[in-house]
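J.: Let me see the structure of the following:
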Amino acid sequence: RDNYGRKYPVKWDKFALQTGTCPWWAFDSSTGGMVLNEHGAYRMYRLLGVPSCNTHLFHLRVIDNSREVGRTQYEGDFWGLYIALGEPDGRFLAEMGLPDGNLYKMNGSPNKRNQGPTQDSGTADVNSFISRKNSANSRAFWQRTVNLPRYYDYKIGTTLINNTDLRAEWNCLYYSRPRRPGDPNSGKWEMFPWDLDLTWESKNHWRAESVWENWQRVLVYPE
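T.: Residues are numbered from 1 along each chain as shown. Model (predicted):
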């Protein structure tokens, strides 16, 4: 069930476990993970209509003594605050109401998280897209290949939360919609958020020229 006690539309079978604070950016208090960090960041994207993983807040308690509270913060039942993050896979696509297509977690190279029944069974599709978008300078290419309105919503969310850990082909999800009659975005690529621990910060974590993901090349066109 979600944070309000309602059943999730699609039953979870796995989740990623995140701590309540960000160990990579410890001097920035804004990266306390429970509300103003990953939980709030994913919520922001969903408010913008971008398919994003659900997050479930919980705390861990280990009962090993008759006393619930110890003499210090390091004693007692309470072991900390955590986030359960829904895994991006076929169940995620079903929960977001998306067609069963190829889904990749991008960590420098594509890691397939769902195989669409009618799509490339390897990684040739995403590798071809990466190669073409890195060198593309045609407006027609972007209109033909990418669901641009959804990308714009994603970029708005990225700016609002200051997602500072974006690099080319890192820390996001690539989704290829299967070709279906009547779907205006049939066969197009979309980007979804993933790995949002370095957000809500006051500066870039990486050099300014490195925080983009090469989809921003479409923004050279005023239209």
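J.: hey, let's count contacts and neighbours off CA atoms from now on
T.: Fine.
J.: Which residue is the nearest non-sequential neighbour of residue 50?
T.: Nearest non-adjacent residue to residue 50, counting by CA to CA, 6 or more residues apart in numbering: residue 154, 6.3 Å away.
J.: can you pull the contacts of that neighbour?
T.: Neighbouring residues of residue 154 by CA atoms under 8 Å, 6 or more residues apart in numbering: 45, 48, 50, 191, 192, 193.
J.: Settle this for me: the second one is touching residue 153, isn't it.
T.: By that I understand residue 48. Yes - between residue 48 and residue 153 there is a contact under CA atoms under 8 Å: 6.1 Å.
J.: With neighbour numbers in mind, choose between the two.
T.: More crowded of residue 48 and residue 153, by other CA atoms under 10 Å: residue 153, with 18 against 14.
J.: buried set for stretch 194-202?
T.: Residues of stretch 194-202 classed as buried: 194, 195, 196, 197, 198, 199, 200, 201 (neighbour count, 16 or more other CA atoms under 10 Å).
J.: all strands for the protein, in order.
T.: With DSSP state E, the ranges of strands along the chain come out as 15-19, 55-61, 78-86, 102-107, 110-114, 170-176, 189-193.
J.: For the third one, list the C-alpha coordinates in PDB.
T.: When you say that, I think you mean strand 78-86. C-alpha atoms of strand 78-86 as PDB (Å, rounded to 0.1, in the frame of the first residue of the first chain):
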ATOM      1  CA  PHE A  78      14.900   2.500  15.900                       C
ATOM      2  CA  TRP A  79      17.400   1.800  13.100                       C
ATOM      3  CA  GLY A  80      16.600   4.700  10.700                       C
ATOM      4  CA  LEU A  81      14.400   6.100   8.000                       C
ATOM      5  CA  TYR A  82      14.200   4.600   4.500                       C
ATOM      6  CA  ILE A  83      12.600   4.800   1.100                       C
ATOM      7  CA  ALA A  84      11.200   1.800  -0.800                       C
ATOM      8  CA  LEU A  85      11.500   2.800  -4.500                       C
ATOM      9  CA  GLY A  86       9.500   0.900  -7.000                       C
END
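J.: what residues does that strand touch?
T.: Counting by CA under 8 Å, 6+ apart, 12, 14-20, 33-34, 39, 53-62, 68-69, 92 sit against strand 78-86.
J.: okay, and for this structure, where does confidence drop off?
T.: Within the chain, the stretches with pLDDT under 70 are 21-36, 203-211.
J.: For the nearest residue to residue 172 once chain neighbours are set aside, give me its contacts.
T.: Excluding the flanking residues, the one nearest residue 172 by CA to CA, 6+ apart is residue 194, at 4.5 Å. Shown in contact with residue 194 (CA under 8 Å, 6+ apart): 52, 53, 105, 171, 172, 173.
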